[in-house]
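# Next input, structure requested:
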Amino acid sequence: MPKQYEDSTTGENGDETHPAFGLVSLHRISSTPGAVLFQSDVRHPEYMRVTVHEATRKRDLHTDRVYQERMVCEISLSMAQFASFVASTGQGDGVPCTIEWTATGTQEPGDRPGLRPAPRFSLTHDEVRAAAHDAFAKIQTAEAAYEAALNAKPPAPAAERKARLSDLRAAIANAVPNVEFATRKLDEHAETVVEQSRNDLEAMVTRMAERAGLEPDAITRAITDGGADR
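Reported below is the predicted structural model:
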């Protein structure tokens, strides 16, 4: 459907309005004991919040003055998500965020319910254990079938013994890549959790430096040197 266009309208008090007028703001939020955010396994003592409002414009003393009106939406992003959002222009399907407030959508307008802690790392860990259990269960089943063919009375035909041995070898061969794949996913998830924590730590160091009037590197060195002395 072609995009529709329309002119702005100006009211009696000089306020100019248009459905496309908006204001976007970005704030750093502090939270204790830490915010729970979508697709993040750690609590975040600091995170970024993006708010979008409708806006009006008024001409005063030869200057455009833009005023905030009704809120359209508000989202939160962890430091890692915000960095990915800034760096991922035009790439992928988007970056996960936490919807805090919205005027439209599948839910009723207003505040969205908060998230309870539900780390996904435990799910990945359980999947690795399940993959390993399944792989070894198949090996044990194939081994039992092969032993039964060997010890059968009267002896099982050679073709059947060969087939059961082939099944056992296949179960062993398939176990390695299946477990390796699940383990690799666990490693990747662990790296993601570390990256989430690292971004939060760097943000906290930067904030501490700003408050103390120091360079962030100076605080990092002090923390590192202190840890080394202990």
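# where do the helices sit along the protein?
Counting by DSSP state H, the segments of the chain that form helices are 79-87, 121-151, 158-212, 216-229.
# the residue most distant from the middle of the protein, which is it?
Pro154 (60.2 Å; Cα atoms, centre = their mean).
# Low-confidence regions, this protein specifically.
Under the criterion pLDDT under 70, the flagged ranges of the chain are 89-91, 121, 186, 189-191, 193-230.
# longest strand of it?
Among the segments of the chain that qualify as a strand by DSSP state E, the longest is strand 44-60.
# quick one: it to helix 79-87, angle?
40 degrees (axes from the mean of the first three to the mean of the last three Cα atoms, to 10 degrees).
# what's the nearest residue to the residue nearest to the spatial centre of the chain if we skip its chain neighbours?
When Cα atoms, centre = their mean is applied to the chain, the residue found nearest the centroid is Gln39 (3.2 Å). Closest residue to Gln39 apart from its sequence neighbours, by Cβ to Cβ, 6 or more residues apart in numbering: Pro96 at 3.7 Å. For every residue, glycine as well, the C-beta is placed using N, CA and C.
# Test my guess that that neighbour contacts Asp41.
No - using Cβ atoms under 8 Å, Pro96 is not in contact with Asp41; the gap is 12.0 Å.
# Compare those two (neighbour count), which wins?
Remark: of Pro96 and Asp41, Asp41 carries more neighbours, 20 against 13, as counted by other Cβ atoms under 10 Å.
# Roughly how far does the residue nearest to the centre of the chain sit from Leu77?
Counting by Cβ to Cβ, to the nearest Å, the gap from Gln39 to Leu77 is 10 Å.
# likewise Val95?
In terms of Cβ to Cβ, Val95 sits 7 Å off from Leu77.
# same thing with Ala173?
Distance from Ala173 to Leu77, by Cβ to Cβ: 44 Å.
# and those two? which has more neighbours close in?
Between Ala173 and Leu77, counting by other Cβ under 10 Å, Leu77 is the more crowded of the two (24 against 10).
# For the residue nearest to the centre of the chain, grab phi and psi.
The phi and psi values for Gln39, taken as degrees, to the nearest 10, are phi 60, psi 40.
# Which strand residues bridge the closest residue to Phe38 other than its chain neighbours?
Computed as Cβ to Cβ, 6+ apart, the closest residue to Phe38 that is not its neighbour in sequence is Thr98, at 4.5 Å. Beta-bridge pairing of Thr98 under DSSP bridges involves Ser76.
# so who does Thr98 touch?
Residues in contact with Thr98 (Cβ atoms under 8 Å, 6 or more residues apart in numbering) are Ala35, Leu37, Phe38, Ile75, Ser76, Leu77, Leu115.
# buried subset of these?
The neighbour-count test (16 or more other Cβ atoms under 10 Å) marks Ala35, Leu37, Ile75, Ser76, Leu77 as buried among the contacts of Thr98.
# The residue nearest to the third one when sequence neighbours are not counted: neighbouring residues, count only.
The reference is to Ile75. Distances taken as Cβ to Cβ, 6+ apart put Cys97 closest to Ile75, at 4.4 Å, once the chain neighbours are dropped. Neighbourhood size, Cys97 [other Cβ under 10 Å]: 19.
# per the record, what domains does the chain have?
When the chain is parsed with automatic domain parsing, its domains come out as 9-111, 121-224.
# Turn these into JSON lines, columns for distance to Pro2.
Converted to JSON lines, these look like this (distance: least, Cβ to Cβ, whole Å):
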{"stretch": "domain 9-111", "distance to Pro2": "16"}
{"stretch": "domain 121-224", "distance to Pro2": "42"}
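# Verify the stated contact: Leu168 with Ala142.
Yes - counting by Cβ under 8 Å, Leu168 does reach Ala142; the two are 4.1 Å apart.
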